[in-house]
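Trainee: turn this into a structure:
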Amino acid sequence: MDATRRVVTLGEDDYDAILAVWQAAGLSIRPTGRDSREAFGAQLASGVQQVFGVRVDERLAGVVVATHDGRKGWINRLAVHPDFQRQGIALDLIEAAEQWMRDQGLHVFAALVEWPNEASEGVLAKAGYTTHPDIRYFSKRDSADA
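Mentor: Next comes the predicted model:
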């Protein structure tokens, strides 16, 4: 029997499954800070974030967090569980995130990738993203968990 694969919108009730995918995929997460259950709920409630997942049968295989600042959309926390990698799930998630951002009136999309991460760089390139050698990312954090 073939597995059923579908893109779904995720919410606060999916937090534990989302965290499990992030951990299995090796994402750098801060479960007591910005990735805590409380922070996740507040981010969803803000109206500038949507979380999509791909379910294979009923198992959560991948996750992406789409956000925007009113001007530019961001692909965040893109992760696919190792059991489901290299099956096009990341591209499905990027497409869902981009469509949501277009629905918000946005037409510029960006992604930050912790380096080195050749798999993420490859999937983003396949989705049409390009690097910009003249742009540097700066960050200031109030704490290690921020």
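
Trainee: tell me the mean pLDDT over the longest helix anywhere in the chain?
Mentor: When every helix of the chain is counted residue by residue (DSSP state H), the longest turns out to be helix 89-103. Per-residue pLDDT values across helix 89-103 average out to 98.

Trainee: got the contact list for that helix?
Mentor: 5, 7, 50, 52-54, 61-64, 66, 68, 73, 75, 78, 80, 109, 120, 123-124, 126-127 (CB atoms under 8 Å, 6 or more residues apart in numbering). Every residue, glycine included, has its C-beta placed from N, CA and C.

Trainee: filter the residues you listed down to the buried ones.
Mentor: Under a neighbour-count criterion of 16 or more other CB atoms under 10 Å, the subset of the contacts of helix 89-103 counted as buried comprises 5, 7, 50, 52-54, 61-64, 66, 68, 73, 75, 78, 80, 109, 120, 123-124, 127.

Trainee: so which of the contacts of helix 89-103 sit within helices?
Mentor: Ser120, Val123, Leu124, Lys126.

Trainee: CSV for those residues, including distance to His132 and pLDDT?
Mentor: Listed next are these as CSV, based on distance: CB to CB, whole Å; pLDDT from 0 to 100:
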residue, distance to His132, pLDDT
Ser120, 16, 92
Val123, 18, 96
Leu124, 12, 96
Lys126, 18, 97
